[in-house]
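>>> Give me a model of this one.
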Amino acid sequence: QGRRYVGLDPSRQQYVEVSGLGDLNAQVTVACWARSTTATWNAAGCLVSRRPQWLLHPWLNPAQDKRLSFMVVDNTGAERTADVNLSSIPQFDLTQWHHYAGTYDASSGRISLYVDGLLVDTTDIGPGLLQTHTGPVGMGRDYTSTRYFDGAIDEVYLYDRVLDPDEILALTAGFDDDQDGMADEVERQIIRFSGTDPFQTLADVLPTDDFDSDGVSNGDEAVAGTDATSAADQFRILDAVGGVSNAPLRIVVEGRTGRTYSLQRGAPPDAPWSVVDQTGPLSSNAFIELAEPEPPTNNAAHYRSVVQ
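Residues are numbered from 1 along each chain as shown. All right, here's what the predicted structure looks like:
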């Protein structure tokens, strides 16, 4: 999908402020997409800020760094962080869209930091509430300071609970910034695994290429939901027969360990998909058959095979 983001110019001191939110001192998740205009952060503290309670922000230590931090302020006033130097992530480019998220759980005292849906750091500070605060949240500004973000911000989310890793990962899905028809989260995974012959940007990863050389293109693996960086994880339909004039429909799939495969039926134009046959999760690699013994008599059905 396309983006409807907010572009921010620090020379004009642009930012977004949201007021009227409740206290978030027991459990909180802060998440946003951001794209920097500059190759390194232009200022600290300026993604999503609610000083003096928490702050999802660039941390310039030293200056002109790519460090990212989720900072919380405990009930003694001490600042505690989970952080990562984004330079340690292969081919990480701040001028591309990336997803950043931080969580804090007072019951465990754990601070967690995520980049592009993946957990990159945790810090345990011991159970305890954060500073009580119900003031505004600043987006694109280090709130209570004069530091402003040079770039763009999109899809800012605040939760009064701790999202689990699967929920964080789900926030990163659904974008195609290079408009090549392949989900960006698949392209980012390939960029990270590209090793000595690195891809630099989303546009470098082509749907028609086959990064893991398993005989299935990057684009097809993105559609199937398999791992485009692992030849051991693929989705290939080896045979399909029937389904015409109410004849039984049968497909044969090259199944992989740990995966679940289903044959689903839907009626045009917008009826929900229903599972007609399913196998898995598989304990080992195997050829599996999925079948619909009695297709609808009016032939008004569409079929798809799904791997999970």
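>>> Look up how far Glu185 lies from Phe199.
14 Å (C-beta to C-beta, to the nearest Å). All C-beta spots, glycine's among them, are computed from the backbone N, C-alpha and C.
>>> higher neighbour count, the two?
Between Phe199 and Glu185, counting by other C-beta atoms under 10 Å, Phe199 is the more crowded of the two (21 against 17).
>>> ok, and the closest non-adjacent residue to Trp59?
Residue nearest to Trp59 in three dimensions, not counting chain neighbours: Ser69, with 4.0 Å by C-beta to C-beta, 6 or more residues apart in numbering.
>>> The one you found contacts Arg80, correct?
No - with contact taken as C-beta atoms under 8 Å, Ser69 and Arg80 are classed as non-touching, separated by 10.2 Å.
>>> Counting neighbours, go ahead and name the busier of those two.
Neighbours per residue (other C-beta under 10 Å) separate Ser69 from Arg80, with Ser69 holding more: 24 against 17.
>>> Surely that one forms part of a strand?
Yes - assessed with DSSP: H, G, I helix; E, B strand; the rest coil, Ser69 lies in a strand.
>>> Could you report the neighbour count for Trp179?
No, residue 179 isn't Trp; it's Gln. Neighbour count of Gln179, defined by other C-beta under 10 Å: 9.
>>> State the pLDDT value of the residue positioned nearest the centre of the chain.
Ranked by distance to the mean C-alpha position of the chain (C-alpha atoms, centre = their mean), the top residue is Thr172 at 2.6 Å. pLDDT for Thr172: 87.
>>> For it, give me its contacts.
99, 116-117, 185 (C-beta atoms under 8 Å, 6 or more residues apart in numbering).
>>> By neighbours, which of those residues wins?
Counting by other C-beta under 10 Å, top hit in the contacts of Thr172: His99 with 24 neighbours.
>>> and the residue nearest to the centre of the chain, how far is that from Leu249?
35 Å.
>>> and what of Asn85?
Per C-beta to C-beta, Asn85 is found 53 Å from Leu249.
>>> More neighbours: which of the two?
For the pair Asn85 and Leu249, the greater number of neighbours falls to Leu249 (22 against 15), based on other C-beta under 10 Å.
>>> if I read this right, that one contacts Pro295, doesn't it?
Yes - between Leu249 and Pro295 there is a contact under C-beta under 8 Å: 5.7 Å.
>>> how about Val30, what does it touch?
Residues counted as contacts of Val30 (C-beta under 8 Å, 6+ apart) are 48, 54, 56, 70, 101-103, 157-158.
>>> Go again with 6 Å.
Taking C-beta atoms under 6 Å, 6 or more residues apart in numbering as the criterion, Val30 is in contact with 48, 56, 102, 158.
>>> and the contacts of Thr172, which of them are in helices?
Among these, DSSP state H puts Glu185 in helices.
>>> Which of the contacts of Thr172 sits closest to Ile89?
The closest of those to Ile89 turns out to be Asp116 (C-beta to C-beta; 8.5 Å).
>>> The closest one against Arg188, yeah?
Yes - between Asp116 and Arg188 there is a contact under C-beta atoms under 6 Å: 5.5 Å.
>>> Would you check how far apart the residue nearest to Trp59 and Asn42 are?
16 Å.
>>> Can you pull out the low-pLDDT segments for the stretch 1-150 of the chain?
Scanning the stretch 1-150 of the chain for pLDDT under 70 picks out 1-2, 61-64.
>>> which residues of it fall in strands?
For the stretch 1-150 of the chain, applying DSSP state E, counting those that start in this stretch gives strands covering 6-8, 16-18, 27-36, 48-50, 54-58, 67-73, 79-85, 98-105, 110-115, 118-124, 137-139.
>>> do the same with the stretch 201-308 of the chain
Going by DSSP E, counting those that start in this stretch, the stretch 201-308 of the chain shows strands at 237-241, 249-255, 261-266, 274-279, 286-292, 302-307.
>>> Nearest residue to Asp9 in space, ignoring adjacent ones along the chain?
Asp150 (7.2 Å).
>>> need the contact list for the one you found.
By C-beta under 6 Å, 6+ apart, the residues touching Asp150 are 10, 37-38, 42.
>>> And for Gly117?
168-169, 172.
>>> Equivalent analysis for Val28, please.
For Val28, the contact set (C-beta under 6 Å, 6+ apart) comprises Tyr104.
>>> Same question for the one 5 residues further on.
Shown in contact with Trp33 (C-beta under 6 Å, 6+ apart): 97, 99, 154-155.
>>> could I get the residues you listed as TSV with distance to Leu130?
Shown next, in TSV, are the contacts of Trp33 (distance: C-beta to C-beta, whole Å):
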residue	distance to Leu130
Trp97	29
His99	23
Asp154	26
Glu155	24
